[in-house]
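K.L.:
how does the following fold in three dimensions:
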Amino acid sequence: MRARLFRGALIAVALGFLALFLVMPLVTVFVQALEMGTGVYWAAVTESEALRAVGLTLTVAALAVPLNTMFGIAAAWAIARFTFPGRQLLITLIDLPFAVSPVISGLVFVLLFGAQGLFGDWLAGHDIKIIFALPGMVLATMFVSVPFVARELIPVMEEQGASAEEAAIALGASGWQMFRRVTLPSISWGLVHGVVLLTARAVGEFGAVSVVSGHIRGETTTAPLHVEILYNEYQFAGAFAVASILALFALVSLAAKRTIEWRIAHPR
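P.N.:
Okay, here's the model as predicted:
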């Protein structure tokens, strides 16, 4: 009886915590977004600056996600299949973005590539602009989202082992054939899971991008930055309307994550 009561209390506390700190804020976003009617909502999300901000967000994600995916696959393969000097250091570096504030990482890029940064004179001499431009925003987004694919694939590949890949090589397959026909199918669900998390992180990034973007309105403002600008200008309906788009994307990402987890747990 006591065990049942204790279990019920724990479940109630967990559900109450989630309702208070997750469900209620999410519901509030949509309530505030639609408070002044669907006409105001539609005008806010189709306004030119909002569309440019969403478009820039998708552009940054479209560049950062494939690059981080390729790195994640390569890093996971190296860590799971080989023993080499610096292996533990590589694992630590992959986890570094989890420990470093995004604002600090953005500041590091400014100190490296800004006008007064380490490479600032060389970049200016070659007319290359990184900070306060798209390249800097992509670099900052890549830094904060780099662990997701590698961290999903490393345990999967370690558990599977290399016997199937070694057999493919022994039968005459090339490295690319082995990867495409043996490795990739075996890690496909883990890879998709990592890419979903990576994409969600890239789309929602605020801190690092805020530092390197310069907040140039209509040029270097992503959707999260646009929400901040609207809110600071007391345009609450527009801020919550754009925020609702990001919330919808987060919900879709969560649904995709749960679907993938179910497919992994219930393979055909």
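K.L.:
which SS state does the residue nearest to residue 168 when sequence neighbours are not counted fall under?
P.N.:
Excluding the flanking residues, the one nearest residue 168 by C-beta to C-beta, 6 or more residues apart in numbering is residue 178, at 4.4 Å. (Each C-beta comes from the backbone N, C-alpha and C, glycine too.) With DSSP: H, G, I helix; E, B strand; the rest coil as the basis, residue 178 sits in helix.
K.L.:
what residues are up against residue 178?
P.N.:
Counting by C-beta atoms under 8 Å, 6 or more residues apart in numbering, residue 178 touches 165, 168, 169.
K.L.:
confidence score at it?
P.N.:
Confidence at residue 178, expressed as pLDDT, is 87.
K.L.:
distance of it from residue 152?
P.N.:
Using C-beta to C-beta, to the nearest Å, one obtains 21 Å as the distance from residue 178 to residue 152.
K.L.:
same check on residue 212?
P.N.:
27 Å.
K.L.:
neighbour-wise, which of these two wins?
P.N.:
Neighbour totals were compared for residue 212 and residue 152, and residue 212 leads with 27 against 24 (other C-beta atoms under 10 Å).
K.L.:
which SS class is the more buried one?
P.N.:
Per three-state DSSP, residue 212 ends up helix.
K.L.:
could you check how many residues crowd around the residue lying closest to it once chain neighbours are set aside?
P.N.:
Leaving aside its chain neighbours, residue 212 sits nearest to residue 136 (4.0 Å; criterion: C-beta to C-beta, 6+ apart). Residues contacting residue 136 under the criterion other C-beta under 10 Å number 25.
K.L.:
next: the one 3 residues further on.
P.N.:
A count of nearby residues for residue 139, using other C-beta under 10 Å, gives 23.
K.L.:
residue 229 now?
P.N.:
Neighbours around residue 229, by other C-beta under 10 Å: 17.
K.L.:
check contacts around it.
P.N.:
Contact partners of residue 229, counting by C-beta under 8 Å, 6+ apart, are 215, 217, 221.
K.L.:
need the contacts of residue 178 in a markdown table (columns: secondary structure).
P.N.:
Listed next are the contacts of residue 178 as a markdown table, based on three-state DSSP:
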| residue | secondary structure |
| --- | --- |
| 165 | helix |
| 168 | helix |
| 169 | helix |
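K.L.:
tell me the most packed of the residues you listed, by neighbour count.
P.N.:
Counting neighbours by other C-beta under 10 Å, residue 165 comes out on top of these with 20 neighbours.
K.L.:
picking that back up, which ones are touching the residue nearest to residue 212?
P.N.:
Taking C-beta under 8 Å, 6+ apart, one finds 109, 113, 130, 212, 213 in contact with residue 136.
K.L.:
run the last query once more with 10 Å
P.N.:
Each residue near residue 136 by C-beta atoms under 10 Å, 6 or more residues apart in numbering is listed here: 106, 109-110, 112-114, 129-130, 208-209, 211-214, 220.
K.L.:
residue 105: which element?
P.N.:
Residue 105 belongs to helix 102-113 when assigned by DSSP states H and E.
K.L.:
show residues contacting that helix.
P.N.:
Contacts of helix 102-113 (C-beta under 10 Å, 6+ apart): 96-97, 100-101, 114, 116-120, 122-123, 128-133, 135-137, 139-141, 143-144, 205-214.
K.L.:
tell me the confidence at the residue nearest to residue 250 when sequence neighbours are not counted?
P.N.:
Counting by C-beta to C-beta, 6+ apart, residue 250 lies nearest to residue 200, which is 6.3 Å off, once chain neighbours are set aside. For residue 200, the model assigns a pLDDT of 91.
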